[in-house]
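Peer 1: Just to be clear, the model below is a prediction. Sequence and coordinates:
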Amino acid sequence: MEEIGQIHTKKHRNKLFLGQAGEHLVCYLFGMWQYNILQPVHAHSVYDLVVERDGVFKKLQVKTKYPVDSSKHVALFKNINYHKDKKEHHFYEEGDYDYLCACKFPHVYVIPFKKIRSRSSATFDHYPEYCYDLTDPKTYEHRPIV
């Protein structure tokens, strides 16, 4: 008999799916806030999504953690040189994206790039004012202006 719920199977094999799930959560949240959501054609761009409202476009970088992961931060580096056998990692620079959307269900943090304290990681506890609880109906009533 299969067991369903919040148990992750093949945790390390499914990192791609975890990242896609985070992107879908961010799309859902910004969609509820009535932003237009665009995805770049190039899959390896330095940002994951673009949102638009009233003619203003903002680039989003999405990082996702497993809900049951005890880690309280997300690493902030980009993979480059996908065509090689070995990936190279570099830290993001200003202009790569406008907002970091860090997902650890049921929370999504929408942190402006300029507010991120460290180049290497973002710790969830440092940004309570940018935390949105997807299970709280008030989250969808008060749209932030990004």
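Peer 2: The structure has been received and is ready for your questions. Bear in mind that the values here come from a model prediction, so they are computed numbers and not experimental data.
Peer 1: hey, let's count contacts and neighbours off CA atoms from now on
Peer 2: Noted.
Peer 1: Tell me, how many residues neighbour residue 41?
Peer 2: 7 (other C-alpha atoms under 10 Å).
Peer 1: For the closest residue to residue 53 other than its chain neighbours, list the residues it contacts.
Peer 2: Distances taken as C-alpha to C-alpha, 6 or more residues apart in numbering put residue 35 closest to residue 53, at 5.2 Å, once the chain neighbours are dropped. The contact partners of residue 35, taken as C-alpha atoms under 8 Å, 6 or more residues apart in numbering, are 51-53.
Peer 1: neighbour-wise, which of these leads?
Peer 2: In these, the most neighbours by other C-alpha under 10 Å go to residue 51, 20 neighbours.
Peer 1: Just to be sure, that residue is in a strand?
Peer 2: Yes: per DSSP: H, G, I helix; E, B strand; the rest coil, residue 51 lies within a strand segment.
Peer 1: show me what contacts it?
Peer 2: Residue 51 touches 30, 35-38, 57-60, counting by C-alpha under 8 Å, 6+ apart.
Peer 1: if you set the cut-off to 7 Å instead, what comes out?
Peer 2: Residues in contact with residue 51, defined by C-alpha atoms under 7 Å, 6 or more residues apart in numbering, are 35-38, 57-59.
Peer 1: Would you agree residue 107 is in contact with residue 130?
Peer 2: No: using C-alpha atoms under 7 Å, residue 107 is not in contact with residue 130, being 9.9 Å away.
Peer 1: more neighbours, the two?
Peer 2: Using other C-alpha under 10 Å, the more surrounded residue of residue 107 and residue 130 is residue 107, with 19 against 16.
Peer 1: what residues are up against the more buried one?
Peer 2: So residue 107 contacts 131-134 (C-alpha under 7 Å, 6+ apart).
Peer 1: which among those gets closest to residue 24?
Peer 2: Checking the contacts of residue 107 against residue 24 by C-alpha to C-alpha gives residue 134 as the nearest, at 12.5 Å.
Peer 1: mind listing what the residue lying closest to the closest one once chain neighbours are set aside touches?
Peer 2: Leaving aside its chain neighbours, residue 134 sits nearest to residue 106 (5.4 Å; criterion: C-alpha to C-alpha, 6+ apart). The contact partners of residue 106, by C-alpha under 7 Å, 6+ apart, come to 133-135.
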